[in-house]
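In: Below is the structure, and that's it, no one-letter string:
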């Protein structure tokens, strides 16, 4: 799954297309024509050394009519400088909302940063990209309310500023392509969105009522992140095996996978890293509401079972501690915690993943 404080890696749940980048360019550097420029590698994410594998989208799925961000990069690995670098949109997933960019050295030092003028041509003018530097782009779009099941972003990095297609004879376009899945605005079980520069973001699916027996809401408290929730009855149950809960039952001998009775709440926040709050504790707030809460929430062992996956494999935790909140509403707990309400439970996580009660 995904999550972050700054962003580090892409969760494995994502689907999508990916870019190809293979170009040899003739550019000017220091007033001298270079015989052959190095290939410019491109990729997804915020770290060229740990790229997202499939897509740069801020979440695997976004709701039609909502926002999505794409994290993309281009690196100059050669010994020659790129005297001028530009970027245009070759294929747009929706209306442009904003573009931010940062150029960094291989050591991670910021060289300079800026914003682009939306709907302009070229869209972005980065200036020179020297050898050993990478430009990181965050491009935000609003997906059409009538969008189909997927939307694609294709970016064109080039040394001329000419619109996509105008450079083909010169061989100086490098493209990167990302895809995001789109769920209809009327899908009551799923909700995905992105906050380009807002201080926080909440996504939630339809409220409890009628045939809808469970609602999931997720909040994060930092700009530049995407989130997605889903609690459809058709989702696979959150993974729970004897091997996965072996450490849990050492401390909670009463627990077993058979105690899980709610629907699975899929929780996706910020591309697979971790979120913390100002107190250093968990920074992802989740509220799950029920038509009728699982009986264990009102019993002697109230819990939330949470499972997530990272590069080292599957992990599970049992959340049983009650949250102590500060004046701003953030937990002072340093580990995940919960608060049981009437037919609801609020819990705070560090990682995203899947949860059941």
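Out: Perfect, thanks for sending it. Everything quoted here is computed from the prediction, not taken from an experiment.
In: Now tell me what touches whatever helix or strand residue 286 lives in from outside.
Out: Per DSSP states H and E: residue 286 is located in strand 284-290. Strand 284-290 has contacts (CB atoms under 8 Å, 6 or more residues apart in numbering) with 3, 204, 207-208, 213-221, 231, 262, 265, 267, 269, 275, 343-352, 355, 357. Where C-beta positions appear, they are placed from N, C-alpha and C, glycine not excepted.
In: And stretch 59-67, by the same measure?
Out: So stretch 59-67 is contacted by 2, 11, 13-16, 68, 97, 140-147, 151, 180-185, 187, 190-196, 203, 226-228, 230, 268, 271 (CB under 8 Å, 6+ apart).
In: you'd agree residue 126 is up against residue 87?
Out: Yes - counting by CB atoms under 8 Å, residue 87 is a contact partner of residue 126 at 7.1 Å.
In: hey, where'd the strands end up in the stretch 51-200 of the chain?
Out: Using DSSP state E, counting those that start in this stretch, the strands found in the stretch 51-200 of the chain span residues 61-63, 67-76, 82-91, 94-105, 110-115, 124-129, 133-143, 150-158, 173-183, 190-195.
In: Quickly run through the sheet partners of the fifth one, with directions.
Out: Looking back up the chat, that one is strand 110-115. Sheet pairing for strand 110-115, assigned by DSSP bridges, gives strand 94-105 (antiparallel).
In: Provide a PyMOL selection command restricted to the buried entries of the contacts of stretch 59-67.
Out: Filtering those down to the buried ones (16 or more other CB atoms under 10 Å) takes a single PyMOL command:
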select buried, resi 2+11+13+14+16+68+97+140+141+142+143+147+151+180+181+182+183+187+190+191+192+193+194+195+196+203+226+227+228+230+268+271
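In: Return the most buried member of the strands of the stretch 51-200 of the chain.
Out: For the strands of the stretch 51-200 of the chain, the largest average neighbour count (mean count of other CB atoms under 10 Å) is found in strand 61-63, namely a mean of 27.
In: domain assignment for the protein?
Out: As recorded under automatic domain parsing, the domains making up the chain are 28-183, 195-356.
In: so how far is the longest one off the chain centroid?
Out: Looking back up the chat, that one is domain 195-356. Here the centre of mass of C-alpha atoms in domain 195-356, compared against the chain's by CA atoms, centre = their mean, to the nearest Å, lies 17 Å away.
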